[in-house]
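Engineer: sharing a model that was predicted from the sequence below.
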Amino acid sequence: MGEIAGELMALFADGFVRRLFVARARRRLAAGKPVRIPCSARSDGPGWPPRYVSGRIRVTPGAASAEFGSRELDGAGPVVLAAGGAFRAPEPDTWHDHDWAATAYLAPGSGQPVFLQVDSRYLPLLHLALAAPESPHKV
């Protein structure tokens, strides 16, 4: 019985804590400060492993790019994602979870999309930061 109570506490506390982190990220972006958004990413481009990699996207309001960093990228440093690209439909049948949204981001001048999986509450922030870097205060 104690295990069930522990699982339920973790389930409900995770949503509350994540909501606080999203609100903090929204406030920081509105104030013009950089934020890190937890996500997973995968690409068929060079330097990427053939699976999703957990990491964070560092977004700076008004910047021309964002950086995806992960410890799993074999010390290659952060991957730069140019802002101003387009979001596409995600890969079919790759991710089914009501809390995590999958989307494909095609950076300008890039032939390979980067597939991103991010908590659905962070998705509007990510869309604003990457697709429209000139208007960071409309968060």
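Structural biologist: Looks like it arrived, so ask away. Residues are numbered from 1 along each chain as shown.

Engineer: thought residue 72 was touching residue 52?
Structural biologist: No - using C-beta atoms under 8 Å, residue 72 is not in contact with residue 52, being 9.6 Å away. Bear in mind the C-beta positions are built from the backbone N, C-alpha and C, glycine included.

Engineer: of those two, who's got more company?
Structural biologist: The neighbour comparison of residue 72 against residue 52 (other C-beta atoms under 10 Å) goes to residue 52, with 18 against 11.

Engineer: wait, what's in contact with the more buried one?
Structural biologist: 40, 41, 42, 115, 117 (C-beta atoms under 8 Å, 6 or more residues apart in numbering).

Engineer: show me how far the helix or strand hosting residue 29 is from its chain's centre.
Structural biologist: In this assignment (DSSP states H and E), residue 29 forms part of helix 2-30. In terms of C-alpha atoms, centre = their mean, to the nearest Å, the centre of helix 2-30 is found 17 Å from the chain centre.

Engineer: again with stretch 114-122
Structural biologist: 4 Å.

Engineer: which is the next helix or strand following the longest strand seen in the chain?
Structural biologist: In the chain, assigned by DSSP state E, the strand with the most residues is strand 35-43. Remark: after strand 35-43, the chain's next helix or strand is strand 53-59, criterion DSSP H and E.

Engineer: and residue 35, what does it touch?
Structural biologist: When contacts are counted by C-beta under 8 Å, 6+ apart, residue 35 touches 25, 28, 29, 58, 59, 125.
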